[in-house]
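Enquirer: how would this look folded up:
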Amino acid sequence: MRTIFAPGILLAAALITIVAALSPAFAQGHAAPAYVGSQVCVGCHAAAGKGWTGSDHALAWTLPDEATVLGNFDDAMIVHKGVTTRFSRRDDAFLVETQGPEGLQTEYEVRGVAGIAPLQQYLLETEPGRLQALDIAWDVEGQRWYDLYPDQDLPYSDGLHWTGPYKNWNARCAECHATGFEKNYDAATHRYESHQAEIGVGCEACHGPGEAHASWAKAPDTYDAIRWPGLTEKGFTIGFSASVPETEIQQCAGCHSRRGPFGNGNPLPGTPFHDAYRLSLLRPGLYHADGSIQDEVYVYGSFLQSRMYANGVRCTDCHDPHAANLKAEGNAVCTQCHSAAGNERFPTLRKATYDDPAHHFHEPGTDGAACKSCHMVERVYMGIDGRRDHSFRVPRPDLSMVTDSPNACNDCHANRNAAWAAAEIEKRFPNSYRRGPHFAETFFAARSDPTSMTQSLLGIAEYEDLPAIIRASALELLLSVSDAGIATRTEPLLQDANPLVREAAISLQRGAPQTEQIPRLTALLEDPVRSVRIAAARGFIGAKIAHFPTQIDLALRAATAEMHASLLVNADFPEAQLAIGGGALAVRDVKAAEGAFREAVRLDPQRVDAWTMIIRILAATGDISGARHAADKALAANPSDATLKSFRDQLGVTKDP
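Expert: Residues are numbered from 1 along each chain as shown. Predicted coordinates for the structure are as follows:
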């Protein structure tokens, strides 16, 4: 991130050279097929094209014109927290006047349109090439302008202001609203030169660049497969197979997940998820203790917890990928499997009648009779956008009484408490085995006191019948208490079949003596999954070993290059700069560390953790005056922060900045 590895940890050119050698086969000395555009595809695939045209995928990102802009630009106005935003027209241009990055009222021309329903956002260019998503959005159904964060007061100096890094379209959004997107951020100039093959989620966003396939389609008998090595027989970078649901699921997950990217933009379709992203686990603030959705985590992390995922259900069993809507209406989506007839693809599924008051205990046709109401709770994000939990969980109001996690029953029966709901469930489904012990009880306690839950967390992590994301989350909860005993106990998990578990287990090895930690992690430097290799490389940071055997040294260099490259391409993320700074400190490159932390607070002045490190570095190197100045700046951006006030007092700063 940031301008980072400053004076010299690794040169970007060297990183790119090393990482290129680790890319897919057709990238090694061979150009990947070119993107040809969705209109070429629909020329042959008319039915799929008809569904896609006008879909949420096709309209995920459009250019502004009379057809795409739905908001009221007829000199409309909204005032929020003292800031006035006006929407108007001038000739063919759609204009927004609002508070800019310097706090001044500034007029911008709309450069892009995001989405079609239930809301629409507008993209404004605050600098050449830099697109920002305005916080004032258009409610399509309600026909009104509204603020996405009505309870937040976000002045222009706040990192969460619409002009800040978290609302940057190039870095945070465009990848999942485009086809063949490349961010291309220059950390030295803080500029973007982003481009894409096609705005909107086109055919090639999922099927891969179409040049080779188009060549095959024109003349399959003379198709030159040698020109594009590593592709499917029909010229695709990805092959969807009915017998391998994981390929489809991971392709969808690239956008439908809460994750951190390793690359510069869209990975080529067919790239395994964990080679392109690091998935967010079941962390406080993102998920409730029972694993149900809390923040906007999208779908993948929830789906991985489900029995449906474990039994081979794929996204397209329920969703039409081209029209981007459900394949049936209402409960019919569920009863294609959950019925007395069952589904031959899932022979272990119990055949029974579910769409009946005997099961759901509600009047047919009401919200309470809808499968999704009980098994896919809805949470609203961005003010009006309802998203459903895809863990397909059985309502557990009894867990709400212990863990404070919400439940489906009280979502509707808000005037009753969880104890009432639990009693009702017990009455309707007495002695159900689905009300047994649950990881939520351990996670809830461990989030405040992991020491008291150490053995339970270890047991969850070691229980192979649990979903991997739950097991990995249990390991992550042990990080703050990791010691030699925990590191030894979890060593076998370094060879677990699932990369989420292997990656999480790597971090726990920090509790082991280095003489044990390094040998345990060595083989993982060459793990087949990039997220695991990067985690292993992090485990070697600061290792006090002068020389490694040649093979290990080469593996370490390659894995470290991947780690550094993933940070370099995300230099515009404040959180990446924190990682860069921490890594630089571990190898005692104080100057590079300070540079990274300063870049973090330039991007986001509210990163108190970065300010704290700057102050500590300056004080530790004897620059007390500089530390005082940094403390003053930090407090100017965060005037109520107790930690910064304490630092300032310790440094002898007596007056407010």
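
Enquirer: Can I get stretch 207-226 in PDB? Just the C-alpha atoms.
Expert: C-alpha atoms of stretch 207-226 as PDB (Å, rounded to 0.1, in the frame of the first residue of the first chain):
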ATOM      1  CA  HIS A 207     -16.700 -17.000 -18.700                       C
ATOM      2  CA  GLY A 208     -13.400 -15.300 -19.400                       C
ATOM      3  CA  PRO A 209     -12.000 -13.300 -22.300                       C
ATOM      4  CA  GLY A 210     -13.700 -14.500 -25.500                       C
ATOM      5  CA  GLU A 211     -11.200 -14.100 -28.300                       C
ATOM      6  CA  ALA A 212     -10.100 -17.800 -28.300                       C
ATOM      7  CA  HIS A 213     -13.700 -19.100 -27.900                       C
ATOM      8  CA  ALA A 214     -14.900 -16.900 -30.800                       C
ATOM      9  CA  SER A 215     -12.100 -18.300 -32.900                       C
ATOM     10  CA  TRP A 216     -13.200 -21.800 -31.900                       C
ATOM     11  CA  ALA A 217     -16.800 -21.100 -32.600                       C
ATOM     12  CA  LYS A 218     -16.100 -19.800 -36.200                       C
ATOM     13  CA  ALA A 219     -14.100 -22.800 -37.200                       C
ATOM     14  CA  PRO A 220     -13.800 -25.600 -34.500                       C
ATOM     15  CA  ASP A 221     -12.000 -28.000 -36.900                       C
ATOM     16  CA  THR A 222      -9.200 -25.600 -37.500                       C
ATOM     17  CA  TYR A 223      -9.100 -23.900 -34.000                       C
ATOM     18  CA  ASP A 224      -5.400 -23.300 -33.000                       C
ATOM     19  CA  ALA A 225      -5.300 -24.600 -29.400                       C
ATOM     20  CA  ILE A 226      -1.500 -24.200 -29.300                       C
END
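
Enquirer: So which bits of it are buried?
Expert: Buried residues in stretch 207-226, defined by neighbour count with 16 or more other CB atoms under 10 Å: 207-217, 223. Where you see a C-beta, it was placed from the backbone N, CA and C, and this is true even at glycine.

Enquirer: Could you export those residues to TSV, including columns for secondary structure, distance to Ala137 and pLDDT?
Expert: Formatted as TSV, the entries for the buried residues of stretch 207-226 read as follows, by DSSP: H, G, I helix; E, B strand; the rest coil; distance: CB to CB, whole Å; pLDDT from 0 to 100:
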residue	secondary structure	distance to Ala137	pLDDT
His207	helix	31	97
Gly208	coil	32	97
Pro209	coil	32	98
Gly210	coil	33	97
Glu211	helix	37	97
Ala212	helix	40	97
His213	helix	37	97
Ala214	helix	38	97
Ser215	helix	42	96
Trp216	helix	43	97
Ala217	helix	41	96
Tyr223	coil	46	94
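
Enquirer: element containing Ala536, please.
Expert: With elements delineated by DSSP states H and E, Ala536 resides in helix 530-539, which encompasses its position.

Enquirer: again, but for Thr442
Expert: helix 439-446.

Enquirer: what packs against that helix?
Expert: Under the contact definition 3 or more CB pairs under 8 Å, 6 or more residues apart in numbering; DSSP states H and E, helix 439-446 sits against helix 397-403, helix 454-462, helix 468-477.

Enquirer: where do the helices sit along the stretch 351-500 of the chain?
Expert: Using DSSP state H, counting those that start in this stretch, the helices of the stretch 351-500 of the chain run over residues 357-360, 371-375, 397-403, 408-412, 418-428, 439-446, 454-462, 468-477, 484-489, 499-508.

Enquirer: same check, this time on the stretch 151-300 of the chain
Expert: Under the criterion DSSP H, counting those that start in this stretch, helices of the stretch 151-300 of the chain are mapped to 169-172, 203-207, 211-218, 245-253, 273-276, 300-303.

Enquirer: what packs against the second one?
Expert: If you count contacts as 3+ CB pairs under 8 Å, 6+ apart, helix 203-207 packs onto helix 38-42, helix 46-52, strand 178-179.

Enquirer: same question, the longest one
Expert: For helix 245-253, the packing partners by 3+ CB pairs under 8 Å, 6+ apart come out as helix 300-303.
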